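Trainee: sequence below, structure please.
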Amino acid sequence: MTLAELARAGRSPQLPIRLDIAGGLELQSLLRVLPGQRYVGVALWQGRKVLAKLLVGGKAERHFQRELAGVQALHGQALDSPALLAEGQQAGQGGWLLFEYLDAAESLWDAWRQVERDAPLSDGQQAVLGEALVTIARLHLAGLAQEDLHLDNLLRHGGKLHVIDGGGIRAECPGAPLPRDKAMANLGVFFAQLPAELDSYIEELLVHYLLVNGEHALPLEALEKEIARLRRWRLGDYMKKIARDCSLFSVVRGAFGLRAVRRDAESELDGLLHAPDAALAQGRSLKQGATATVAEVTVDGRRLLVKRYNIKGLLHWLTRFWRPSRAWHSWREGNRLDFLGIATPQPLAVFERRFLWLRGRAYLITEYLSGQDIIARFQPYLDDPDGAGAPPEAELQALDQLFAALIRERISHGDFKGYNLFWQDGRWTLIDLDAVCQHRSQRSFAQAYARDRARFLRNWPAGSALYQLLDQRLPQVPGTCPERG
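Mentor: Numbering: from 1, shown residues only. As a prediction, the model looks like this:
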């Protein structure tokens, strides 16, 4: 196969692929694909395993030069990065870069996943983030910046931390420290991807950076503003992705339907999405309502929840066909919560039936939640929350953290029944997202939060000791609850 043919191979070309480049290359697996532009994967070359970056399409030459310049900048400043074994271009077709394959390497993202649910800035988290910040400081001290700065682009191997993805490397002033404004902006990119719960520890984390690169004072307030700005941008960008075909989501729109599915679950869910009503009929029924039908369904041994939003009749259809379905709203808000680190069953797919663009039945597929709801879990403590009979402090603290996150992000649930809050994997998880809303103004959020807080407390009798305990602990928004003396 030629590079020109690879450019037309789409998102899932049949493997292995033998390419007539670099004296012969066999592409065996794909790690990242941008159809018609970039194919990154593991390949065999001259009898050894390599990481191959294949750049094709109309922008290939520009992308090739950017990748090559970034790699050369890293090596030129003696920064740890996989060795470049071969590179080249074919006029009018594209280019390639072949790198040393770091067998058994671990990305810092994988390391972070092992500690991300620890208490904020645990020893494990400190170790991962400190390691990243030391490498970032070395980059900045050498006059380089990694614009695509995330933990997946930092690989542990052989006792060293390797920087990868030369396409994101910018040589601002090679050999001289990066200017302060550039360093601040780059650090903002890094911290904006971390959980907001760590914001109060940024100053402590910066010590790792400053011990390596103390060239500039880093004003904390300015850095925090940059982080907040970038977080808003990242969320907005992600919310656009859930509605369009991209590397994360497969989205198909047409006059007779809309289907959006996480790309990593697409093949697994294909059969279910083609016959969702049959799956609901065969699954374990959880709800048979006029407006919603819910069932637990097992696909290839994986437990899923399928929810169908029904149309009760013509009058009901007239109120629904012209606006986004409740399934789409739940898909959107579920992805928002997931992105913000607020626990909810991961949304996997949404499907709307349409007739000439007019919406009808809609379906939502999520992970199945097997935990215990808060009413059942706190029932033993209803009248004795003090002493040995109190709810576990870890569960109360997790509840504090959930409400703090909702306040920080200005998110209201809209139906805060206890049956919509489950304990699973050491945290409280929200379900039933039909009425979830992220508010633009503090005033509208404060009003919605007051309703959420009141509805949540109504899960227990007002005179019970558990009600009194939770009423004391739940955070208040100024102006929504009476101040206590």
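
Trainee: for the stretch 351-485 of the chain, which residues score under the pLDDT cut-off?
Mentor: Counting by pLDDT under 70, the stretch 351-485 of the chain has low-confidence residues at 384-389, 478-485.

Trainee: with the chain instead?
Mentor: 313, 316-322, 384-389, 478-485.

Trainee: for it, which helix is longest?
Mentor: Assignment by DSSP state H gives helix 220-241 as the longest helix of the chain.

Trainee: what comes into contact with that helix?
Mentor: Contacts to helix 220-241, defined as C-beta atoms under 8 Å, 6 or more residues apart in numbering, come from residues 184-185, 187-189, 191-193, 196, 199, 202-203, 206, 248-249, 332, 335-336, 339-340. C-beta coordinates here come from the backbone N, C-alpha and C atoms, glycine included.

Trainee: select only the buried ones of those residues in PyMOL?
Mentor: To isolate in PyMOL the members of the contacts of helix 220-241 that are buried, counting by 16 or more other C-beta atoms under 10 Å, one can use:
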select buried, resi 184+185+187+188+189+191+192+193+196+199+202+206+249+332+335+336+340
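
Trainee: show me the contacts of helix 220-241 that map onto strands.
Mentor: Mapping the contacts of helix 220-241 onto strands (DSSP state E) picks out residue 249.

Trainee: re the thing from before, in the longest helix of the chain, what counts as buried?
Mentor: Judged by neighbour count (16+ other C-beta under 10 Å), helix 220-241 contains these buried residues: 223, 226, 227, 230, 231, 235.

Trainee: reformat these as TSV; add distance to residue 101.
Mentor: Formatted as TSV, the buried residues of helix 220-241 follow (distance: C-beta to C-beta, whole Å):
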residue	distance to residue 101
223	36
226	36
227	35
230	32
231	34
235	35
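
Trainee: go through those residues and say which is closest to residue 372.
Mentor: Nearest to residue 372 out of the buried residues of helix 220-241 is residue 235 (C-beta to C-beta; 30.6 Å).

Trainee: roughly how far out does the longest helix of the chain sit from the chain middle?
Mentor: A distance of 14 Å separates the centroid of the chain from that of helix 220-241, by C-alpha atoms, centre = their mean, to the nearest Å.

Trainee: likewise for stretch 186-203?
Mentor: 15 Å.

Trainee: give me the domain ranges for the protein.
Mentor: Listed by automatic domain parsing, the domain ranges of the chain are 3-100, 106-233, 249-367, 372-473.

Trainee: what would those look like in JSON lines with distance to residue 241?
Mentor: Below are those laid out as JSON lines (distance: least, C-beta to C-beta, whole Å):
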{"stretch": "domain 3-100", "distance to residue 241": "13"}
{"stretch": "domain 106-233", "distance to residue 241": "13"}
{"stretch": "domain 249-367", "distance to residue 241": "6"}
{"stretch": "domain 372-473", "distance to residue 241": "17"}
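
Trainee: for residue 242, find the nearest of the ones you listed.
Mentor: Taking C-beta to C-beta, domain 249-367 is the member of the domains of the chain nearest to residue 242, at 4.8 Å.

Trainee: what's the span of the closest one from first residue to last?
Mentor: 16 Å (C-alpha to C-alpha, to the nearest Å).

Trainee: need phi/psi at residue 104.
Mentor: phi 60, psi 20 (degrees, to the nearest 10).

Trainee: count the neighbours of it for me.
Mentor: When neighbours are defined as other C-beta atoms under 10 Å, residue 104 has 7 of them.
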